[in-house]
Structures are given as structure tokens and as C-alpha cells.
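Undergrad: Compute the structure for the input listed below.
(chains A, B, C and D)
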There are 2 protein chains.
Amino acid sequence: MSRRSGVLEFAVLGLLRESPMHGYELRKRLNTSLGVFRAFSYGSLYPCLKELVRQGWLAEETGSGAEDSRAPLAGRRARIVYRLTAEGKERFEELLDQTGPDAWEDEHFGVRFAFFGQTSRDVRMRVLEGRRSRLEERLAKMRASLARTREKLDTYTLELQRHGMESVEREVRWLNELIESEREGRDRNDQRGRGATPERDERSPSDENDN
Amino acid sequence: MSRRSGVLEFAVLGLLRESPMHGYELRKRLNTSLGVFRAFSYGSLYPCLKELVRQGWLAEETGSGAEDSRAPLAGRRARIVYRLTAEGKERFEELLDQTGPDAWEDEHFGVRFAFFGQTSRDVRMRVLEGRRSRLEERLAKMRASLARTREKLDTYTLELQRHGMESVEREVRWLNELIESEREGRDRNDQRGRGATPERDERSPSDENDN
DNA sequence: GTTAGCATGTAAGGAGTTACATGATTTT
DNA sequence: AAAATCATGTAACTCCTTACATGCTAAC
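TA: Residues are numbered from 1 along each chain as shown, chains lettered A, B, ... in the order given. So this is what the prediction gives:
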């Protein structure tokens, strides 16, 4: 048991590090800010939150505290605001520093990149370069397989492969640009290993429709 | 129970329609020909094959028959060659004709496209156009969400969103080209609703390394 | 007055992976 | 003689979704 998905855990800790939130809002942020790459349903989010509380990384705050003058919190089913504990912060920073091969696989890379603002520069570099070499490996295999089977494939299969390869090549070019601009950044201003979070204030009561 | 995944079932039926194969070879074809989009392990393939046999769509042929002069089939753990039955063919064609919204979702579109060679032109059109409008919906949402939150996001999150949107836009352009060339094809030669399979012969004993 | 949004949750299930078990054959 | 590849399979597990249950408020 129970609901410690890696990606979801990471994203929840990361979002709550920026500011406390309740589940419903959290899910929307998950599916927009980070959401082109992964969408989560309540069925995975709520149990995950429970588990993170159990681990001591999150603390629940039932709607008693003041916190927000807007949102009268009368009526409206009492919402549970989750806040990152000190242990939770440690846990998240631990996860941020991990550069195992997992970090640049498809399922993880997007969410890792989304929190690059909180990530140290050398870890950013390792993740970007790891991702790039993963993709280049993949390209090599695709090219080899194409060379072997080209004449046997029909038009559509071929077109699918071609488009797939171009997508990967495009991501490699993107990574190249990112890596270069990280290097330039290092050469110019050399302070700041851990970026200060831009500190989002003016937390609007949210407005999003999911489908 | 038990292993009727949709995608995997479809791909297996489709590949076996072209020619009988045993599981091991099937898996390699799955992970190269159709493989940029999805990879399968034996742990899902073999149970799926069993299930398809149970349904009467595949027939097992243990290595008794002649079939292949190469591959002496001495030694080498007896391999089970799977062949599509008449019911299996019907089933596959049934699946080919389906144009429910599933057909253009991320998980299905790739594999549907891979078998466009066997698909009738009007179904091809519906799938391509369905995919396109699905992506345009997604773009609209992304643009809306970006407009709302742009100034609140840090550089990396913004860059991630931008890159994500460009990827989707690029796929839309690709679909536009495909749709247009389908239309041109229709205007010129108007025969051929169901394409003849290019009939792969010279089945090489396969050579692939997966990682 | 009904649809849409807000808000939290649970149970069951789907789709797949990993790790293991087994064993022969070819290549290094 | 070790490593890779061929070949088939199972059990346990992971991660996530769907569908349901509940109930309130705002807008159309």
C-alpha cells in the first residue's frame, strides 16, 4: 500500500512548497501548470495526500484558521488545507537532488523540469544532459531499425516513424539550447546555486474548468 | 481477468494479420515498428495471446508444421506460432472501423495510424480529423491557461508550457498535411477503399536487440 | 429548477511492469 | 566458460482511472 507514485508525490510536495492549498485547487494546478504531460484524478490525489500526511510531510489544516479574507468559508463543504511540514521540505529537497536515471525518463522529466526553479544548477545540468543522451540513444535505435526495415514498410508506418524521429530530434535541439543557455548563465553571474522562489502572492481563489 | 488491453489486442491482431509469428518475434515488432509510442513486455504480451486464443481469434501452432526451411527448430525451446483465425480477421476489421473518440486519444492514435494501410479511407479521415480537433481543443485550453497565469510563472515552467504548446502545434500541422494529401488522393484515383497489404514475403528470422 | 462548479472521498478494476523461473544455443 | 539471445511463462505489484456517494452554492 498506498499511493506513493513518485511523480505525483513530487509534484504535490513541490506545489505545496510554494503555498498551502486544498486538494481541489491542487489538482487544477497539477493539470494546468504541469499538465500537458500528465493529468491526475481525485481518485489518486486524495489518497496520496493522506499518505503524505501519514509520512509526516504534510499537515492538514481544517478551515478554522484565518488565512484568507476572501472565500468566506461559510457553507461550502469544509475544505482541508495542506501545508508542507519541515520534514516535507527536507523530503522535497532530497528528491530534487536525485539524479538517478529515472529523472530523465519520459514520465519524470516533465515534472522535474517544472521545478527547475527550485533546483540547483548542477542538478539541472545533469538532468538536461541525461535526458539528451537518453534521447540520442533512442534516435540511434530508431535509425538502425529504419535502415533495416525501410523497404518492407508501407507508407503510413514509414510516415509514423519519420514523424516520431523528428519529434525526438526536435526535443534534442530544444535541450541543446537549454543546456547552452545554462552554461552561459554560469559564465556570467556565478552566484545563486539555489534560486529563490519568485514568491507568488495575490493567490486568486482559482478558476479553472477541467474536462 | 484478463489482458484485453485494447491497444495491445489491436496491435497483435494487426501484426498477425500480415503473417503468423511466435510471441518473441511479435514483441520485437511491437517495440520497433509501432514502438516509439508504446513498449510492451512479455508479462503483458503472453497473457494477452492466451486470451486471444481463448476468444477464438488466434490459433496456436506448435512447431510441428513445416512452414520455414530455415530455423531448423531442433533444440531451441519449442516455439508457439500464432495465426489469425477467420473470426480474428473479422474482429480486427471490426476494430479497424471503429471511430469512437478513443481512436484519437494519445494512447490509441499511434497504433491506429500504424495500421492505416489496412484502414478504409473514410475511417482514416475521421480518425485524422478527430485527432486534429482533439489537439485544437487542448491548444485552446493551454492558451487560456497561459493567458491567465503567465506573469505568475517562473522561467522554467513558462518554457515548459511553451515547448509543450509548440509540440502540439507541430502535430496539428502534420495532421493538416496528412489530411490534405488524403483529400488529394481521393480526388485523383477514386478506387481502392481497402488497401491491399503490400504482402511482406522473405520473412527474415529477425534480428533486434531491445534494452 | 437544473446545470455547472466546488469539495472530499472510497471501492473496484484496468493496464501494464518487474522480478522471477526455466532452459537451450550461439557468440565472444 | 561467460555472456548474450532465443523462448515462454507466472505472481506480485504499481499506478492510475472510473464510477459512485455526498452535499452545498452560484449562475443560467
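Undergrad: Quick check: which ranges of chain A have low pLDDT?
TA: A:1-5, A:35, A:63-76, A:188-211 (pLDDT under 70).
Undergrad: The longest helix seen in it and chain B in contact?
TA: In chain A, taking DSSP state H as the definition, the longest helix is helix A:155-188. Yes. Contact of helix A:155-188 with chain B is found when judged by C-beta under 8 Å from any C-beta of the partner chain, involving A:155-157, A:159-161, A:163-165, A:167-168, A:170, A:174, A:178. For glycine as for every other residue, the C-beta is placed from the backbone atoms N, C-alpha and C.
Undergrad: Pull out the buried residues from that helix.
TA: For helix A:155-188, a neighbour-count test (16 or more other C-beta atoms under 10 Å in any protein chain shown) marks A:156-157, A:159-161, A:163-165, A:167, A:171-172, A:174-175, A:178-179, A:182 as buried.
Undergrad: Identify the residues contacting the residue nearest the centre of chain A.
TA: Nearest to the mean C-alpha position of chain A, by C-alpha atoms, centre = their mean, lies residue A:111 at 1.7 Å. If a contact means C-beta atoms under 8 Å, 6 or more residues apart in numbering or on different chains, then residue A:111 has A:7, A:10, A:11, A:14, A:34, A:37, A:38 as its contacts.
Undergrad: 6 Å instead, please
TA: Contact analysis of residue A:111 by C-beta atoms under 6 Å, 6 or more residues apart in numbering or on different chains lists A:7, A:10, A:11, A:34.
Undergrad: Just the helices from chain A, written as ranges.
TA: A:7-18, A:23-32, A:42-54, A:86-97, A:106-114, A:121-149, A:155-188.
Undergrad: who does the third one touch, helix- and strand-wise?
TA: Using 3 or more C-beta pairs under 6 Å, 6 or more residues apart in numbering or on different chains; DSSP states H and E as the contact definition, the elements that helix A:42-54 packs against are helix A:23-32.
Undergrad: Now with 8 Å, please.
TA: Applying 3 or more C-beta pairs under 8 Å, 6 or more residues apart in numbering or on different chains; DSSP states H and E, one finds that helix A:42-54 contacts helix A:7-18, helix A:23-32, strand A:58-62, strand A:80-84.
Undergrad: could the residues of helix A:155-188 next to chain B go into TSV alongside distance to DNA strand C?
TA: Below are these laid out as TSV (distance: C-beta to the nearest atom of the strand, whole Å):
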residue	distance to DNA strand C
A:155	26
A:156	21
A:157	19
A:159	23
A:160	17
A:161	19
A:163	21
A:164	17
A:165	21
A:167	20
A:168	19
A:170	25
A:174	26
A:178	27
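Undergrad: between the residues you listed, which is nearest residue A:44?
TA: residue A:167 (27.6 Å; C-beta to C-beta).
Undergrad: which non-adjacent residue is nearest the closest one?
TA: residue B:167 (7.2 Å; C-beta to C-beta, 6 or more residues apart in numbering or on different chains).
Undergrad: now do residue A:31
TA: Using C-beta to C-beta, 6+ apart, the nearest residue to residue A:31 is residue A:39, at 4.9 Å.
Undergrad: what separates the one you found from chain B, distance-wise?
TA: 11 Å (C-beta to the nearest C-beta, to the nearest Å).
Undergrad: Could you report the neighbour count for that residue?
TA: 13 (other C-beta atoms under 10 Å in any protein chain shown).
Undergrad: With residue A:144 instead?
TA: Neighbours of residue A:144 (other C-beta under 10 Å): 13.
Undergrad: same thing with residue A:82?
TA: 24.
Undergrad: re earlier: among the contacts of residue A:111, which one lies nearest to DNA strand C?
TA: Distance to DNA strand C across the contacts of residue A:111 (C-beta to the nearest atom of the strand) is lowest for residue A:7, with 14.0 Å.
Undergrad: What residues does the closest one make contact with?
TA: A:38, A:107, A:108, A:111.
Undergrad: residues making contact with stretch A:26-33?
TA: A:11-12, A:15-16, A:21, A:38-42, A:45, A:49, A:82, A:114, A:206, A:208, A:210, B:145, B:149, B:153, B:157, B:161.
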